[in-house]
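> Give me the fold of what follows.
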Amino acid sequence: MIQKEKTNEQLVSSNLSLSKFSQSIGITLEMATKESARLHLIPNKEVINAFGIIHGGIIATLADTCMGMILRAANIPAVTLELAINYLSVTKPGDKLIAEGKVIHFGGSVITTQCLISSDNGRKIAFAKGTFFHYKH
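Numbers count the residues shown, from 1 in each chain. Coordinates of the predicted model:
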C-alpha cells in the first residue's frame with residue numbers, strides 16, 4: 001500500500017478535477033502527485049451486475065482513473081494504451097473501495113503504472129496494470 005504522507009506534491013490534488021463520468025459514478029480524489037494517487041468510491045446499487053455484486057467495469061474504471069490522475073498531476077497528456085486487471089474478491093454496494101496507484105516506469109512515450117483496489121477493511125478487491133501513451137500536442 002502507498003504511504004499517506006503529507007508532501008508539497010500533494011498540493012497538486014487541489015488543482016485537479018475528475019472527469020464528469022468519474023464524478024457521476026461517485027469517484028472521489030483524495031490525493032495525486034506525479035508519482036502516486038489515492039481515490040475512493042462507495043458504489044451504490046445502481047452499479048451492480050446480475051449477481052448482485054459490483055460490476056467489474058466500475059472497478060476497472062476506478063483503477064484506470066486512479067492511474068490516469070497521476071499523469072494529470074505530472075502534467076503529462078496521456079491516454080490509456082492497455083489496462084489489465086485481476087479481480088481478487090467481490091464487493092457489494094456500500095463497501096468503500098480505495099484505489100492506490102503508482103508509477104512503475106516513466107519511459108519516453110510509454111508510462112507503466114499499477115493500482116491496488118482494496119476495501120476499507122483491507123480486503124484486496126483488484127490489482128491493475130496500466131500502460132499509457134504520452135502524446136505530444
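> chain center to the lengthiest helix in the chain, what's the gap?
Longest helix of the chain, by residue count under DSSP state H: helix 56-73. Centroid separation for helix 56-73 versus its chain: 3 Å, with CA atoms, centre = their mean, to the nearest Å.
> for stretch 111-125, what is the average pLDDT?
Stretch 111-125 shows a mean pLDDT of 97.
> For it, what is the distance to the chain centroid?
The answer for stretch 111-125 is 8 Å, by CA atoms, centre = their mean.
> And for it, what's in contact with it?
Contact partners of stretch 111-125, identified using CB atoms under 8 Å, 6 or more residues apart in numbering, comprise 1, 59, 62-63, 66-67, 70-71, 76, 78, 87-91, 95-105, 126-134. (Each C-beta comes from the backbone N, C-alpha and C, glycine too.)
> How about stretch 53-62?
By CB under 8 Å, 6+ apart, the residues outside stretch 53-62 that reach it are 21-22, 25, 27, 39, 41, 43, 47-49, 83, 85, 87, 90-93, 95, 97, 99, 117, 125-126, 128.
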